[in-house]
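> Provide a 3D model corresponding to the input given below.
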Amino acid sequence: MAGPPRDALRLDVVDMHTAGEPARIVLSGYPRLEGATILDKRRDALARCDHLRRVMMHEPRGHAGMYGVIPVEPSEAAKAQGASLACLFTHASGYSTMCGHATIAFARFAVERGLVATPAGGDGVARFGLELPCGVVAVEARLEGGAVVASAFESVPAFVAERDASIDVAGIGRVVYDVVFGGAFYAILPSRRLGLAFDAPLAERVGAGMTLFRALRAERPAPLHPDEPDLSFLYGVILTDDASPPAPTRNLCMFGEGQIDRSPTGSGVTARMALDLLAGRLEEGAARRFAGPTGDVFVGSARRDGEVAGRPAVRVRVEGRAFHVGEARLRVEPDDPLGSGFLLFEAEAG
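Sure thing, here's the model as predicted:
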């Protein structure tokens, strides 16, 4: 039987998931990205390699809710801060600046691929620094009998950008929300402010959340990061239940151009923990459980950590567990009219 054409594009990937949210990690076939900083590399990926994002993320090899990880070389500045590895995050509509679920998956991947040192005897915690577009995060993987049973990261400094902001939304009315940076900027509010109980049908909550998301992008200036213009955009909207800290709680995050996070959203957990700690609703070090749409859980705990441009800052530890789905060699045959990828629906929440 004849094999694929010799000039077919090939990408080798490992597929994992964390709380149901996919994490497709590139093994080989992706070109080396250029740039002195990781944000330079992110710009290079967008300018020169975005066709590969579409190949990996879009149909027929992916879908509108796909998510990916592109390992890159850490910058010299990040190495000086303790980073031994680095990666970019990508999805169906672009590139993220932070992703908790993918960091949790990458921690297991890094240990199992021998990219970081592991404890002698196979029990204990492997630790390493990971450079991401939002900065360097401390990552750990807990091993039992040589197997990774949980992964965690400690966030970059998180801070509240706006508290009790408001906007008039057509069909909903005046909506009050907070904007918090947890590696990316999120608008956070309980779903009841959109006129919906958190137990309302998922499609209704997504529809209302996306209506708010579009209004915020169209009518409000993008939130500004004090250090990096590339981080200055609203990445997602997070709807919450009404549980009071530290009781277990639930998240529903819509991000990008309408993707729905199946997980509790690691950077969203970071943002929510920072918001509650700084508002006095949560004690330092107290653990809180967050469930996403699949019901699987991340656990967060937070500590104060100085300031960011005069705003009180918080670092948040988020723990979860990732699982393998498979490995694949993705191919694009040169005469395939759909080989470059497509999305039947441009977003999950039209």
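> Okay, domains of the chain per the record?
9-153+324-328, 159-319 (automatic domain parsing).
> Hmm, P245 and R281 touching each other?
Yes: the criterion here is CB atoms under 8 Å, and R281 meets it with P245 at 4.8 Å. Just so you know, the C-beta spots here come from the backbone N, C-alpha and C atoms, and that holds for glycine as well.
> ok, the two, which is more surrounded?
P245 (18 against 11; other CB atoms under 10 Å).
> Just the pLDDT for that one.
P245 is assigned a predicted lDDT (pLDDT) of 97.
> Could I get the contacting residues of the closest residue to it other than its chain neighbours?
The shortest distance from P245 to any non-neighbouring residue, by CB to CB, 6 or more residues apart in numbering, is to L282 (4.2 Å). Shown in contact with L282 (CB atoms under 8 Å, 6 or more residues apart in numbering): 245-246, 273, 276, 288, 302.
> Is A302 in contact with A271, as I believe?
No: using CB under 8 Å, A302 makes no contact with A271, being 10.7 Å away.
> Three-state assignment for the residue lying closest to F233 once chain neighbours are set aside, please.
Counting by CB to CB, 6+ apart, F233 lies nearest to A222, which is 4.9 Å off, once chain neighbours are set aside. With DSSP: H, G, I helix; E, B strand; the rest coil as the basis, A222 sits in coil.
> and A222, backbone torsions?
phi -60, psi 140 (degrees, to the nearest 10).
> I38 reaches E131, doesn't it?
Yes: between I38 and E131 there is a contact under CB under 8 Å: 5.4 Å.
> For this structure, which residues score under the pLDDT cut-off?
Flagging of the chain using pLDDT under 70 yields the residue ranges 1-7, 346-350.
> Give me the spatial nearest neighbour of the residue sitting nearest the centre point of the chain, chain neighbours excluded.
The centroid of the chain falls nearest to C99 when counting by CA atoms, centre = their mean (2.1 Å). Ranked by CB to CB, 6+ apart and with sequence neighbours excluded, the top spatial neighbour of C99 is F89, at 4.4 Å.
> for E76, same thing?
A36 is the one closest to E76 (CB to CB, 6+ apart), at 7.7 Å.
> got the phi/psi numbers for that neighbour?
The phi/psi pair for A36 (degrees, to the nearest 10) is phi -80, psi -30.
> and if you look at P293?
Torsion angles at P293 (phi, psi; degrees, to the nearest 10) stand at phi -60, psi -30.
> Thought A203 was touching it, still the case?
No: using CB under 8 Å, P293 is not in contact with A203, being 11.6 Å away.
> And those two? Which one has more around it.
P293 (20 against 9).
> show me the contacts for that one.
Counted by CB under 8 Å, 6+ apart, P293 has contacts 20, 202, 252, 260-262.
> out of these, which are buried?
For the contacts of P293, a burial check counting by 16 or more other CB atoms under 10 Å picks out 20, 252, 260-262.
> and G94, how many neighbours?
For G94, the neighbour count with other CB under 10 Å is 17.
> what packs against the longest helix anywhere in the chain?
Assignment by DSSP state H gives helix 202-219 as the longest helix of the chain. Here helix 202-219 touches strand 159-169, strand 173-181, strand 185-190, strand 234-240, strand 249-255, going by 3 or more CB pairs under 8 Å, 6 or more residues apart in numbering; DSSP states H and E.
> and if we set it to 7 Å?
Here helix 202-219 touches strand 159-169, strand 234-240, strand 249-255, going by 3 or more CB pairs under 7 Å, 6 or more residues apart in numbering; DSSP states H and E.
> contacts for stretch 167-182?
Here stretch 167-182 makes contact (CB atoms under 7 Å, 6 or more residues apart in numbering) with 155, 158-166, 185-189, 193-195, 208, 211-212, 215-216, 219-220, 223, 225, 267-268, 270-271, 274-275.
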